[in-house]
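Colleague: Sharing a model prediction with you, sequence too.
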Amino acid sequence: MRTAAAAWLLALIGSGTWAADAGELARGKELFGKIQPSCAVCHTLQAAGAEGQVGPILDELKPNAERVLRALRAGIGVMPSYADKLSDKDMRALASFVAQASGAAP
């Protein structure tokens, strides 16, 4: 019974993911190459035409949107935080684009 209640509660509050619309995905793609430093400088992502040589190959890593959002907010390894450069809305758009473009999103 507790398991069913926990599952219901998680369904009610959501899994922390969100659905992106076409406009949000287009904005994310634009940001991938536009923000400074650009994601494309370090990361390879075929859908963005990016062939970076430093960071993980996103087409292989297939990070979900939450993972990308965490990296954008806090930075990871040599990747800087973008919290002071992007709004939360823009970070979500970028995270959604990367997840969708890499094949992690449904």
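Modeller: Cool, the structure landed. Numbering: from 1, shown residues only.

Colleague: who's in contact with the residue nearest the centre of the chain?
Modeller: The residue lying closest to the centre of the chain (Cα atoms, centre = their mean) is A95, at 1.9 Å. Residues near A95 by Cβ atoms under 8 Å, 6 or more residues apart in numbering: G28, A65, E66, V68, L69, L72. For the C-beta atoms, the positions are set from N, CA and C on the backbone; glycine is no exception.

Colleague: Just put these in TSV and tack on secondary structure and neighbour count.
Modeller: As requested, the contacts of A95 are exported to TSV (DSSP: H, G, I helix; E, B strand; the rest coil; neighbours: other Cβ atoms under 10 Å):
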residue	secondary structure	neighbour count
G28	helix	26
A65	helix	25
E66	helix	15
V68	helix	24
L69	helix	22
L72	helix	26
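
Colleague: from those residues, which is closest to D84?
Modeller: Closest approach between the contacts of A95 and D84, by Cβ to Cβ: L72, at 11.1 Å.

Colleague: For that closest one, list the residues it contacts.
Modeller: For L72, the contact set (Cβ under 8 Å, 6+ apart) comprises S81, Y82, A83, L86, M91, L94, A95.

Colleague: Out of those residues, which end up buried?
Modeller: Y82, L86, M91, L94, A95 (16 or more other Cβ atoms under 10 Å).

Colleague: Run the chain-centre distance for the host helix or strand of the residue nearest to the centre of the chain.
Modeller: A95 belongs to helix 88-102 when assigned by DSSP states H and E. With Cα atoms, centre = their mean, to the nearest Å as the basis, helix 88-102 stands 4 Å off its chain's centre.
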